[in-house]
Every structure is written in C-alpha cells, then in structure tokens.
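S.K.: Have a look at this fold, sequence not included:
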C-alpha cells in the first residue's frame, strides 16, 4: 500500500476516486508545524534559526500520519504546487520523522488522472530552495509583525499590529484618499452636435474638436459663457463632411486568467471579494475542475490548447478557431513561467452542477480560456471630420464585421474587449448634413477613483509587491485590523489607518517604501532559484531595521502621536482642551485630567451648525434618576449617558438633522452612522422611507434637474443627488 499525503480532505477525496484501492490518501489539514503564536520564535542571534512548534490541533493528525507511514511502502507528498506547498511537505517530513528512502515529492497543476499518473511516474525530492524561500518570507513577516507591533502599542494604542506587505497596501489607500481630498475640480464644457444625412437616416453624435484650425483641448472651453458664444456661431453654420476615413481594426483577446486578473474580474462582474474568489477557486481546484488557482503565469499546456481548438469548433463553429495556437507572455514582474494559467481541466465540460457562485466562476474561467484561443474580432472603424464654418466636429463609429472571440466572452466584457457603440451612416466627402440639435454640457475634472479590491491588486502587481498567494489575505487583513473599510465596493482608510500609516512612513521609511518591498519580493524569488542565501537576506534586512527600531522606541513620544494642543477651553475647569486619540478615533479631553475628566467628541472632519449645540445638551437631567447627563463618545459617534452610571444606565442618542427635509416624505434627514462607523444622512421615517445620502443634503436645488444637492465636506464639492452636476465650493 502506498500513501499520498495532501493538505485538504476535499483534494484527497478527488484524488482517491482517480487512483483506487492501491493508494491511501490522508490530509495534513494545512501546516502541521509553525512558529509559536505567543513569542517571536526566531533566534535572531543564531542566524535566524526558527523555532517550530506543533499546534495542538495538529497532534492527532501527526499521530494518524505516523501510523499510516509505518505501514506504507512508499509515501508521496502531494501538497500544492507552490512554495508554501513545498514548505508544508517539508514540515510533514520533519514532524513525522519520515525516512528519505521511502519519501518522494509529487506536484501537478491540475487534479486529473493523467496529471497525477504522470506525477507518480516522475517523483522528485523536496526542493530545499523553495522551502528556504518560504521560510524566509515567514520569518521576515514574523520579524516585522512581532517587532513593529509593540512599537505601535507603546506609541499609539494597544491591539494594533503591523505587517510588511499590509503596511504598504494601507499606504497606497491612504495616499489615494489624500490625493482625492486635495484634488480641485476644474470646470470645462463640451459641445456636441446631433447630425444626420439628408432625409430620414438615423442621427449620430459628433464632438467639437477644432476652432480656427486649432485643436480644442479638454479644458479649452472653461465656462458657460464661452460655450454659449460658440453655440451661437454654430447655429448659423452649414455642416459638411470634410474628410472620412474607414480603417479595418482588429481586437485581440486577453490571456487566460492568472490569480490577480481572476480576482479583478470576479470583483467587477459579481462583486466578489478577493478572499471569496479564492475560496471558490480553491473548491473548484480541489474538485478537479480547474487548474491550480495561485499562479502568475499565462502559459497553457499543449494538450489544453489542442482541446480548446476542438471545443471552439464544436460549440461556436470552425470559423472562430485559430489555425495555430496563440501564445502569451506574462508582463508581471517576477512571474513564475513554469506555472500554468487558470483554466478548466476539461474544456469539454461547459457547465458544472455546483452552487451558483461556483457555477458562475467556472463559466467565467471557461469562457476566458476559450476566448484566448479564438480568432480576433474585426471592425470597420470610421472617423469623420465635419466642417461647420470655422469649427470642426469629429464623429467616430465602428461596424463589427466579425465578432471573433467576443462571441465567446461577450461584447463589452473586460476593458480590452469593449467595442465602440455608435454606428455611423455611410458618409461621403463634401456631403452636406442636417443639424438636428446642438448641446452644450458642463463637466468637471475628477480625482483618481478610490481603489477597489481589484484595482488595488492590479496596483500591487504592477509595482511587484506581493505574489498570487498574498493578495487576498493582505486585503482581508487590513480590513479586519480596522485600518481600511470597504464602502460600496471602494476601499477607504479609517482614521486609525491614517495615523498608523503616517507614523510608520515617517519613522520606518524602508518598511513602507514601495521599491524596497518589491525588491524584497525579488530577493525571495532569488532564494527560490538558489541564487541567494536566505539567512543572509534576513541579516541584511534585520540589522538596520532592529537598530532603527531601538532608536525610535526611545525617541518617539506617545504624546507627540496621540495628543494635539488646542486653544479651546474646558467648560468645567477653564484649562485648555487637547485632541486625544482613543479606541474609536480622536476626541477632545481636558488637559487637567485626571483632576478634570471632561471630554467631548472631536468633530473637525465635518462642520455642521448643530454640532456646536451638542455640548448644551449636557445640561439636561437624566429622566430616570435626575443626575446630570454627560457627553460620551462611542463607536457610532457621540451620545448622552447618565453621569450616575453604572447605577443608572440611561442613554440617549444625539440627533443632528440636515438643513433640509426628506425630498420624498418631508420628514427630517438625520445624521447617522453605519455599523462600520461611516457617516450618512437618512430619513427619520425609516424603514417606511428609505431615502439616504452619503453626503450632507443642502437647501439648494440642482440647476440642471432641480433635484436635491449634497455637500461633500472632505472634497469641498457640491453634487447633485440625481445627475452628474457638481460644483466646487
């Protein structure tokens, strides 16, 4: 009897169905050895020797594995095809005292009978370089986390933590938020003509692009007055086709999925988080339905390419298949070219009988793989220049001659797969056109968008930060730590995330440096290739890091980080109030503490007239016991509580209403907080009326559609709640 050890019981069950009675399949349930949780577990004075311990939950597994190993003729370690899988296999050997003579390592990209049979015919030894690379990553992250976190506890607040890649990801989000906050919108206008051929042909749109033989740049028309003057001139002009060009253009499909692009597309299409996408993909892989899902390579096996051609011809006809396979080259920094892209293990399987999430993701992977091997789409792209006196309009359209890969992937699915929506009529040079309408539209330049999980992953990948296995846990970690929150699919920094980021950027510039983090990833890759020695890489990092940490522990004052002086006086004792940092963010407290315990919320981020009256409510008496009410700061904002607590537990919410009532039912619009602490304005008649706004409603109507206008205090922009109108204030 031969024994195969895998990480997951689900993976083991799939393999068992393929191999039959001659093999026993057991699972290690992931890592069976790891660094201890209650201490550093790394001897920094002894060449970074790690101290591995066996978690309590793994002891029964090890006993079971040892019993099976004793009876087995051969033991095959079939953990995942990556560095972590290699490390898990190595730890199994160490924990069970496996003899080299009866132990072999097998790997495969997919859980299929041919792949497993081929792996069993070509077993190998454990690759020590891959193990060293994984050990180096684990120890490096432990050194940063366990050494830097106490610094945050001392200088900011208990319970905070720092991580190598997570810190850099948080920095990206914080810097993007500040870029948005510092952005000043600029007004510009565009002029569009609706034209048609003489007679009853369908109208088409043309955009004003030139005046007096000079190109009209995006911001050339600065205000409504300029736009109206141009419009007045255009109303008297004749419209004639000055030039027309028709070119055949080809659109090519993008490569099959890798980890990052799968996470991005699943987020865009289905709203899945990176973590959820990887969980679904892991299940599909362990059921033998797709190839290994942690990869950054776009390579595809020759057998899969041949099958793709056959399936395309069967499902969509031979006119969509390529005469020879299309090959892609990855552009990802540090990609592992020996790996393979994510694809179905059997492309003939068009649909699977699984739950909705698994079925949707499988279909996405299936279509992406087939589309990558389908013929390109062919379009006739038309560009027309239309003369109108001293002005020139441009009209662009496209006619899809052959849909190619779009037949499989779907039109408009993916940024590189979109086609131009407008189809122009057949135009001829010098042809006179009818003007149907002229329209001027106001626009404002927009700041860069907040990151979604997908765009953050793309940015990390572009900068060479992290690897396929780290993207999802990195994002999950910074959200769970409370440094970042996800609102309507966008990642925004929380106050604590900004404070921790600023502290680390100032005092630990290397840890938060993008290029340094990317270089460290390259060093780990070099260790995996046997080109660098892992202990030396750790030594080069840790020496300067430890010295800097020691200096900062002495030099950085907690008060400098968590306290800020103000000129505001304490109403109880007359001393100055301080801005202090608490568990739920900043608040104002008396500098005379502990003699004076006065506190009140710090409301600097948003100014509202009613907030000035909050402190007056403290003069109220408790309706239960008659004691004074005191102002408290909670997770969801300020509230009033009885000063006799804990004897009396009376509390009362502080109501702040907008300057205008609900446009739907006329009730008050109240300032509220979500469970994650995000402010919004909602109708007091909820749940009967579900009207709500993220930004503060104003007593002003939109000049375009007469809808309610809201004010974004942070960006200082007035926006219409219904249309695209906005105005900086």
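M.R.: Good, I have the coordinates. All of these numbers come straight from a predicted model, not from anything done at the bench. Residues are numbered from 1 along each chain as shown.
S.K.: residues in contact with the helix or strand encompassing residue 547?
M.R.: Per DSSP states H and E: residue 547 is located in helix 534-555. Contacts of helix 534-555 from elsewhere in the structure, counted by C-beta atoms under 8 Å, 6 or more residues apart in numbering, are 44, 47-48, 132-133, 135-136, 139-140, 143-144, 147-148, 151, 154, 507-508, 510-511, 520, 523-524, 527. Where C-beta positions appear, they are placed from N, C-alpha and C, glycine not excepted.
S.K.: Show me those residues that map onto helices.
M.R.: 132-133, 135-136, 139-140, 143-144, 147-148, 151, 154, 507, 520, 523-524, 527 (DSSP state H).
S.K.: quick one: contacts for the nearest residue to residue 215 once chain neighbours are set aside?
M.R.: Spatial nearest neighbour of residue 215, chain neighbours left out: residue 209 (6.6 Å); criterion: C-beta to C-beta, 6 or more residues apart in numbering. Applying C-beta under 8 Å, 6+ apart, we find residue 209 in contact with 215, 216, 392, 393, 394.
S.K.: do the same with residue 124
M.R.: Here residue 124 is in contact with 104, 105, 106, 107 (C-beta under 8 Å, 6+ apart).
S.K.: picking up where we left off before, would you say the residue nearest to residue 215 is within a strand?
M.R.: Yes: according to DSSP: H, G, I helix; E, B strand; the rest coil, residue 209 belongs to a strand.
S.K.: re the thing from before, mark which of the contacts of helix 534-555 are buried, thanks.
M.R.: 44, 48, 132-133, 135-136, 139-140, 143-144, 147-148, 151, 507-508, 511, 520, 523-524, 527 (16 or more other C-beta atoms under 10 Å).
S.K.: quick one: average confidence on stretch 653-672?
M.R.: Model confidence over stretch 653-672, given as mean pLDDT, is 80.
S.K.: May I see the buried residues of it?
M.R.: For stretch 653-672, using 16+ other C-beta under 10 Å, the buried residues are 654, 656-658, 660-663, 667-672.
S.K.: Any idea how far apart the tips of that stretch sit?
M.R.: 10 Å (C-alpha to C-alpha, to the nearest Å).
S.K.: Spatially central, which residue of the chain would that be?
M.R.: Nearest residue to the geometric centre of the chain (C-alpha atoms, centre = their mean): residue 453, 1.2 Å.
S.K.: Tell me the pLDDT of that one.
M.R.: 93.
S.K.: Would you map the helices across the stretch 1-150 of the chain?
M.R.: With helices called from DSSP state H, counting those that start in this stretch, the stretch 1-150 of the chain shows them at 9-19, 56-71, 83-96, 113-121, 128-155.
S.K.: packing partners for the second one?
M.R.: Using 3 or more C-beta pairs under 8 Å, 6 or more residues apart in numbering; DSSP states H and E, the elements in contact with helix 56-71 are strand 2-6, strand 23-27, helix 83-96.
S.K.: 10 Å - rerun?
M.R.: When contacts are defined as 3 or more C-beta pairs under 10 Å, 6 or more residues apart in numbering; DSSP states H and E, helix 56-71 packs onto strand 2-6, strand 23-27, strand 75-77, helix 83-96.
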